[in-house]
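>>> generate coordinates for the sequence data below:
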Amino acid sequence: MRNLTIDFFLAGLSELPALRLPLFLFFLLIYLLTLVWNLLIIVLIVTDSHLHVPMYFFLGNLAGLDLCCSSVTGPRMLFDLHTQTRNITIMACITQVFCFISFASSEIFLLAVMSYDRYTAICHPLHYTQIMNWKLCVQLASIVWCLGFAYSLVLTLCAQRLSFCGSHIIESFFCDLPQLFQISCSDIYINILLTFLLNLSFLEGTSFIITFLSYVYIFKTILKITLKDGRRKAYSTCSSHLTVLFIFYGTGFFNYFQLKTKDVLPKTKDSLAGRLISLFYAVFTPLLNPLIYSLRNRDLKGALQKILFRMRSMT
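Prediction:
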C-alpha cells in the first residue's frame, strides 16, 4: 500500500462532547456483556458433556468468532471515545480490515455449515451421528477458519494498491473496505469487481446456496411430520439459527453491496446510515447471537443452571 506514513482520521460515532461519556459507558457495557455471554457459552459447551454434540460444537465456534469480531472493533472504539484520539496509522487500519473481514467471513461460512448440520439432523436423523462425526466436524471448523483467512488475505492484498491523496477521514468508527474505497484516489474498479465476484461466487453466493438448499429440504421434511410436537421441536431447532442468518446477511449485504464510487463522498444521511449499519453488525450482532441461542435453548439453560447450582453448593 502506498502512502505508508499517512494517518487516517476515524469520524467516530458523534462529534458532540456531551455524548462522549454516555456513549463510552454504554458501549463499554455492550462490549463487556458480549465478552461475558460468548465466554459463558464456550465454557458451558466445554464443561457440560451433554453439549458435546456437533450442533453445540459449531455454536462454540460461532461464539469464538463473535468474541474475535467484537474485540477487533470494540476496544479501538472505546479508546477513541475516551481519549478523543481518532488518528489511526495506515498499517493499523489495514490490519483491522484484515482481521475483521477474516472473522466476519468465517462466520458466514460457519452459518452455512450450521445449516447443513441442521439439515442432516432433521432430514437424516437415523444417520446423523455417522454423517456428522467428530472428525468431519473438526475438519469443517478448520476449513471455515482457513477460508475466512484466505478470503480476507486476497481482499487485503488487493487493497495494498490503493493510494490516498485527498480526504483521510474515514466515515466510521473502525476501518473497513467500503470506507477505504470511498476515500481512495486510485482507480478502485478492480477492487470493487474483485469484492463483488468473491462475494457472489465464493462467500455470500456459495454460503447462501448451501443455506438455502438446506432449509428447502428442512421445511419439506417438517411439512411431512404429522405430529404437532414433532413439528414444533423441528422448528425450534432452526428458529435461532434462522434469526441469526437474517440479521447477519441483512446487515452485511447492505454494507458490501452499496459501495459508493470514489468521486462522490457519502452524504450526511448516507454516512449516518452507514455508521448505524456498521455499528449493528460489528457491535450488536456479536452480543445478539449468544442471546438468541441461549434464551431459546433448553440445553444451554439447563447447563447454566447446573453451574449455578454447583457454585451455590460450594459456597
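>>> surely residue 89 touches residue 95?
No. The criterion here is C-beta atoms under 8 Å, and residue 89 misses it with residue 95 at 9.2 Å. In this view, the C-beta of every residue, glycine as well, is placed from N, C-alpha and C.
>>> wait, residue 185 sits on residue 163?
Yes. Counting by C-beta under 8 Å, residue 163 is a contact partner of residue 185 at 6.0 Å.
>>> quick one: mean pLDDT for the helix or strand hosting residue 22?
Residue 22 is located in helix 20-47, with elements delineated by DSSP states H and E. pLDDT averaged over helix 20-47 equals 92, rounded to a whole number.
>>> and the nearest residue to residue 33 once chain neighbours are set aside, how many neighbours?
Distances taken as C-beta to C-beta, 6 or more residues apart in numbering place residue 287 nearest to residue 33, at 5.8 Å, with adjacent residues excluded. Counted with other C-beta atoms under 10 Å, the neighbours of residue 287 add up to 20.
>>> measure residue 287 to residue 37 for me?
Taking C-beta to C-beta, to the nearest Å as the measure, residue 287 and residue 37 are separated by 7 Å.
>>> quick one, helices of this structure?
20-47, 54-83, 90-123, 128-131, 134-159, 177-183, 189-201, 204-224, 228-256, 268-279, 285-295, 298-314 (DSSP state H).
>>> buried ones in the shortest one?
Think helix 128-131. By 16 or more other C-beta atoms under 10 Å, the buried positions in helix 128-131 come out as residue 128.
>>> share the number of residues neighbouring residue 206, please.
16.
>>> over to the one 3 residues further on?
By the criterion of other C-beta under 10 Å, residue 209 has 11 neighbours.
>>> then the one 10 residues further on?
Other residues within reach of residue 219, judged by other C-beta under 10 Å, total 14.
>>> pLDDT at it, what is it?
87.
>>> tell me how far it lies from residue 114.
The value you get for residue 219 to residue 114, if C-beta to C-beta is used, is 16 Å.
>>> same question, residue 37
18 Å.
>>> excluding its backbone neighbours, what's nearest the residue positioned nearest the centre of the chain?
In the chain, the C-alpha nearest the mean C-alpha coordinate belongs to residue 104, at 4.2 Å (C-alpha atoms, centre = their mean). Leaving aside its chain neighbours, residue 104 sits nearest to residue 69 (6.0 Å; criterion: C-beta to C-beta, 6+ apart).
>>> hmm, residue 286 and that neighbour touching each other?
Yes. At 5.3 Å, residue 69 and residue 286 qualify as touching, with contact defined as C-beta under 8 Å.
>>> who has more neighbours out of these two?
residue 286 (29 against 25).
>>> list the contacts of that one.
34, 38, 66, 67, 69, 70 (C-beta atoms under 8 Å, 6 or more residues apart in numbering).
>>> what's the closest of these to residue 15?
residue 70 (24.2 Å; C-beta to C-beta).
>>> any idea how far that closest one is from residue 201?
29 Å.
>>> residues making contact with stretch 237-248?
Against stretch 237-248 from outside (C-beta under 8 Å, 6+ apart): 55, 62, 107-108, 111, 114-115, 118, 121-122, 211, 215, 218, 281, 285, 288-289, 292-293, 296-297.
>>> and what of stretch 128-143?
Against stretch 128-143 from outside (C-beta under 8 Å, 6+ apart): 54, 57, 58, 61, 109, 110, 113, 117, 120, 121, 124.
>>> once you drop chain neighbours, what's closest to residue 20?
residue 81 (5.7 Å).
>>> got it, and residue 77?
Nearest to residue 77 is residue 173, by C-beta to C-beta, 6+ apart, at 4.8 Å.
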